[in-house]
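S.K.: based on what follows, work out the 3D shape:
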Amino acid sequence: MSHFISSSKHLFSFSNLLELNLCENQLSCISENIKNLQHLKTLNLSDNLLKELPKTIGDLTNLENLFISGNNLELLPKSITNLKNLKWLSLIDNKDLVLEEEQKLWIEDLRSSGCRVLM
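M.R.: Down below sits the predicted model:
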């Protein structure tokens, strides 16, 4: 695990990366530099120890699949509503998660456009 943490600063330099699977790594935070992964289509952060997501997650506007289930998320950043191209969104098992009204409307919009939302 320590090797992953020490090398993670380089992870976000792969700007053409399409899929990133970091599930089950006991991560407690994600760098704001995730914004550099502009071509990312799938991001799996499930089953970690995350209490929050970086506000820059909303910069990943090409994202189609976001899996953040099984964490300790309490709030989502306001910028998450910028993710309009999602086809899958999994928020399962974040029992303390509270959504703001704008985020609830965003989820409704996603569902009406065919996104599969799991909560």
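
S.K.: buried ones in the longest helix anywhere in the chain?
M.R.: When every helix of the chain is counted residue by residue (DSSP state H), the longest turns out to be helix 101-112. Going by neighbour count (16 or more other C-beta atoms under 10 Å), the buried part of helix 101-112 is 103, 106-107, 110. Quick note: C-beta positions are derived from backbone N, CA and C, even for glycine.

S.K.: same deal with stretch 74-90?
M.R.: Neighbour-count burial for stretch 74-90, counted by 16+ other C-beta under 10 Å, picks out 75-76, 79-81, 83, 86, 89-90.

S.K.: again with stretch 50-67
M.R.: Buried residues in stretch 50-67, counting neighbours by 16+ other C-beta under 10 Å, are found at 50, 52-54, 56-60, 63-67.

S.K.: with pLDDT and distance to residue 17 as extra columns, can I get these in CSV?
M.R.: Formatted as CSV, the buried residues of stretch 50-67 follow (pLDDT from 0 to 100; distance: C-beta to C-beta, whole Å):
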residue, pLDDT, distance to residue 17
50, 96, 19
52, 96, 22
53, 97, 18
54, 96, 16
56, 97, 15
57, 97, 15
58, 98, 18
59, 98, 14
60, 98, 11
63, 98, 12
64, 98, 14
65, 98, 14
66, 98, 15
67, 98, 16
